[in-house]
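Undergrad: can you look at this prediction? I've put the sequence above it.
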Amino acid sequence: MNPNLTLDDIQWQALIQQTASYFSDLTIKRGFQYYKQGRVHDMEYSDASGILEAAVDGTETYHVQLHPAALEESECSCPVNVGCKHMVAVLLDYAQLQGRSIHALVNAHSTTYAASSTYDRSEPNLRYTQERPSPGASGWRAKADRLPELPISAWHELFEVCTASLGTNTQNSFYAKNALASLHHIRPPLPPDMDSLYELHAHLFVLGKLIKQPTSAWNSSGSYIGYHTQVAADHIQASIERIFKEGLEGSEPKGAFGQRLSETNVLVRQSMLTEPRNRKFYTQVYMQLWIYWIYPLMKTSEGTIREELEQLQAAEAEYGSALSRASWYMAQGLMSFYLGQDEQAWSLIREADKVSILPPAAVLGFFGMLHSGQQWDRLARWLPEIGPLLGSHRSEHLGSYQFYWDAVIQHRPEVAERMWSSLADMLPYSKDIYQNALITHGRWREWIDYQLSTGREPLEFRVGELAPIEKNAPELLLPFYHQAVERYILHKNRVGYKAAVKLLKRLAKLYKKLKQQERWDVFIISLSVRNSRLRAFQEELRRGKLIS
C-alpha cells in the first residue's frame, strides 16, 4: 500500500457521500462482514491511475479494481461485477489504512440522510430534498418492527405513508433518492434474507412510483414516460439487479421469509402481466427473481414450477386484453425451461419476440443459466434456436453470444459446425463476431471469401488485423489484394492511384515471402504496360519505386 496515499477531510466526506449513493445499505453491511472476517488481501495502489487493486476471498477469490475518487468506475471479477460487497470490503480496508472511521462508511446512508437539509439550492425546481422525520416517525418504526409477520401489501402501505410528504409530481432521480432514504430510515434490524427482501421491496415501491402514470395525464395509456423518469427508473432497475445478484444466505424459503417471498412473486407476476407493451421493467424483475432467488432456493421443486406455470396460463382469462402478452409468453418459457421442456420453451420465447422485440438480457439469461450449470449439450441446442433473436441488437450482446459458443466448443468440439451455421444465418447482424470467430478458429480461406463477397477493401484493415493470415496462409491474400488494386485504378484519380500503389507494395512483400519473385516481376510489368496511358498512375508507380 502506498504510504503517501492520503485523504483530506473534504475528500473523506465526498467518499462517504459516494458510498451512500453508489452502494445499497444491504451491500455495505455485507461488505462490512467480509472486512471483519479479514477477507481482503494483496492490496496495491497505482499512482498513475489512482486505482486500488485487491483480492477478496468469497465463493472464490475475486479481483477488485476500486476507484476511490469515482466508485462508479470500479470493477469486480465476481458475477455482480459492479456495486458489490467485495468492493465495499476493499473500501473499508482502505479507510482503515487511512486511519478513518470505517463506521462512517458502514453507516453512510444514515449519515447522509441526517446531513441533508430541508432545502437544496442546487435543485431550483424542487422545494425540498428530504424532511427530517416527523413526530409520527416513531409510529412508522413501531410498525416496521413487525414487518416480518406482516404481508407484503402491508409493507407497501407503510412505504406509501412514509413517502407521502415527497409528493409524486417530480418523478426523477432526485425523488427516487429521497424516497429510498425515507424507507431506509424506518428499516428495523432484520435477518439477512429478510433484509434483502426489504431492500428489494423498497426499490420496487420506488420503481412503481416512477413509472405509474396518473389517470388524468394526457399520456395515461402508458405509451411514454419522460426522459428524467426513464433515467431514474433505469437506475432503480440496475440496483434491483444488483440486489438479486448478491443472492440470499438462507438454504430454503421457510416460515415468514418463505411466505414473504411467495407474496413477492405474486406481486411481481401481477405487475409484469399488466405492464404496458413498450416497457419491460417488471418482466426483467420477474426473470431475475426466479433466476437468482426462487429457483436456486427450490432446487428441484418441480411441483412449485408447475403451479407457477398454471398461474401464468390462467392469466389470459383473468386479464383479457390488458394482458402483456410478450411478458406472458416469456414467463411461461422460463417455467418450461426449468421443466426441461426445451422445444416448448423455444416456441414460447419466439412468440414473445413476435409480439415485442425482446431485451437482450432476457435471451442471454437462458444461456447464462446453462453455462453456469455446465450443461454443454443443452446449451449447444439452445444457442442456434433462440440466438437469432439477438440479431438486430448491438454488437456487445452478440459478443456475449459468441462467448457462450466458444465455451460450448471448448467442451464439445464436435458441435462447431452448428456455430458456423448459426452465425451465417444471423448475417449481416453477426458480421463482426462471424469474422472474429473465423480468425480465432483459423478459418483463413472462409474469412477471405467473406471479405471478397462483401466488397471490403484491404486498406480498411489495420496491418495487425491481417497479420495472422499473412503468417499462416499468405497465399490467400493474393486475390484479395489483386482485386482491390484493379478497383483502385478504375477510380482514375490520384487518390485511387496512391491507394493502389500502397497495396502493390504489400503485394511485393507477399510474393517475396512466398519466394515467387519472378511471378511478381511479370505481374508489375504487365500492369504498368496495360495502364501506360494513365500518366498519373505511372508517376505514382515510380514514386513508389515499383517501376524505373
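TA: Yes, it's here.

Undergrad: model confidence over the helix or strand harbouring Ser526, on average?
TA: In this structure, Ser526 sits in helix 517-530 according to DSSP states H and E. Helix 517-530 shows an average pLDDT of 94 in the prediction.

Undergrad: do stretch 452-460 as well
TA: Stretch 452-460 shows a mean pLDDT of 89 in the predicted model.

Undergrad: now find how far off-centre it is within its chain.
TA: Averaging C-alpha positions (C-alpha atoms, centre = their mean, to the nearest Å) puts stretch 452-460 32 Å from its chain's average.

Undergrad: now stretch 412-420
TA: 27 Å.

Undergrad: and for stretch 409-419?
TA: 26 Å.

Undergrad: okay, buried residues for it please.
TA: With burial defined by 16 or more other C-beta atoms under 10 Å, the residues of stretch 409-419 counted as buried are 409, 415, 418-419. For the C-beta atoms, the positions are set from N, CA and C on the backbone; glycine is no exception.

Undergrad: tell me the pLDDT at Ile225?
TA: As summarised for this prediction, Ile225 has a pLDDT of 78.

Undergrad: swap that for Tyr119, please
TA: The per-residue pLDDT reported for Tyr119 equals 33.

Undergrad: now do the strands in the chain.
TA: Taking DSSP state E as the criterion, the chain carries its strands at 40-46, 51-57, 61-66, 75-76.

Undergrad: what residues does Ser532 make contact with?
TA: Shown in contact with Ser532 (C-beta atoms under 8 Å, 6 or more residues apart in numbering): Gln538.

Undergrad: need the contact list for Cys93.
TA: Cys isn't right for residue 93; it's Asp. For Asp93, the contacting residues are 35, 40, 43, 54, by C-beta under 8 Å, 6+ apart.

Undergrad: again, 7 Å this time
TA: Shown in contact with Asp93 (C-beta atoms under 7 Å, 6 or more residues apart in numbering): 35, 40, 43.

Undergrad: same question, Ser196
TA: Applying C-beta under 7 Å, 6+ apart, the residues near Ser196 are 26, 243, 246, 248.

Undergrad: closest one of the residues you listed to Ile349?
TA: Proximity of the contacts of Ser196 to Ile349 was ranked by C-beta to C-beta; the top entry is Ile243 with 25.5 Å.

Undergrad: and that closest one, how many neighbours?
TA: Summarising burial for Ile243: neighbours were counted as other C-beta atoms under 10 Å, giving 24.

Undergrad: and for Ser165?
TA: For Ser165, using other C-beta under 10 Å, the count is 12.

Undergrad: would you check how far apart it and His185 are?
TA: Distance, Ser165 to His185, using C-beta to C-beta, to the nearest Å: 12 Å.

Undergrad: with adjacent residues omitted, what lies nearest to Thr59?
TA: Beyond its immediate neighbours in the sequence, the residue positioned closest to Thr59 (C-beta to C-beta, 6 or more residues apart in numbering) is Cys78, lying 8.0 Å away.

Undergrad: so what are the domain limits for the protein?
TA: Partitioning the chain according to automatic domain parsing yields domains covering residues 9-110, 446-543.

Undergrad: dump those to JSON lines, plus distance to Gln375.
TA: Formatted as JSON lines, the entries for these read as follows, by distance: least, C-beta to C-beta, whole Å:
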{"stretch": "domain 9-110", "distance to Gln375": "17"}
{"stretch": "domain 446-543", "distance to Gln375": "29"}
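
Undergrad: so which of the ones you listed is the most packed in?
TA: When you average the neighbours per residue for each of the domains of the chain (mean count of other C-beta atoms under 10 Å), domain 9-110 leads with a mean of 18.

Undergrad: where in the chain is the helix or strand with the lowest mean pLDDT?
TA: Comparing every helix and strand of the chain by mean pLDDT, DSSP states H and E singles out helix 108-115 as the least confident one, with a mean of 60.

Undergrad: JSON lines for the contacts of Asp93, including distance to Glu446 and pLDDT?
TA: Converted to JSON lines, these look like this (distance: C-beta to C-beta, whole Å; pLDDT from 0 to 100):
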{"residue": "Tyr35", "distance to Glu446": "52", "pLDDT": "92"}
{"residue": "Val40", "distance to Glu446": "48", "pLDDT": "94"}
{"residue": "Met43", "distance to Glu446": "47", "pLDDT": "91"}
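
Undergrad: distance to His228 added to the residues you listed, as JSON lines?
TA: Formatted as JSON lines, the entries for the contacts of Asp93 read as follows, by distance: C-beta to C-beta, whole Å:
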{"residue": "Tyr35", "distance to His228": "36"}
{"residue": "Val40", "distance to His228": "38"}
{"residue": "Met43", "distance to His228": "39"}
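
Undergrad: low pLDDT regions in the stretch 1-150 of the chain?
TA: Applying pLDDT under 70 to the predicted model, the residue ranges of the stretch 1-150 of the chain that meet it are 1-6, 110-141.

Undergrad: can you give me the helices for it?
TA: Under the criterion DSSP state H, counting those that start in this stretch, helices of the stretch 1-150 of the chain are mapped to 9-22, 25-36, 85-97, 102-106, 108-115, 137-144.

Undergrad: can you redo those helices as JSON lines with distance to Phe337?
TA: Listed next are the helices of the stretch 1-150 of the chain as JSON lines, based on distance: least, C-beta to C-beta, whole Å:
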{"stretch": "helix 9-22", "distance to Phe337": "34"}
{"stretch": "helix 25-36", "distance to Phe337": "29"}
{"stretch": "helix 85-97", "distance to Phe337": "29"}
{"stretch": "helix 102-106", "distance to Phe337": "40"}
{"stretch": "helix 108-115", "distance to Phe337": "37"}
{"stretch": "helix 137-144", "distance to Phe337": "37"}
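
Undergrad: which residues does the spatially most central residue of the chain contact?
TA: Using C-alpha atoms, centre = their mean, the residue of the chain that lies closest to the mean C-alpha position is Ala361, 7.4 Å off. Residues touching Ala361, when contacts are defined by C-beta under 7 Å, 6+ apart, comprise Gln284.

Undergrad: distance of it from Phe281?
TA: In this structure, Ala361 lies at 12 Å from Phe281, with C-beta to C-beta as the measure.

Undergrad: check Pro296 too.
TA: From Pro296 over to Phe281 (counting by C-beta to C-beta), the distance is 23 Å.

Undergrad: comparing these two, which residue is more hemmed in?
TA: Neighbours around Pro296 and Phe281, counted as other C-beta under 10 Å, are more numerous at Phe281. The numbers are 21 against 12.

Undergrad: that one contacts Gly208, correct?
TA: No - with contacts counted by C-beta atoms under 7 Å, Phe281 stays clear of Gly208, the gap being 9.1 Å.

Undergrad: does Leu71 really touch Ile16, like I thought?
TA: No - between Leu71 and Ile16 no contact is recorded; they are 11.2 Å apart, counting by C-beta under 7 Å.
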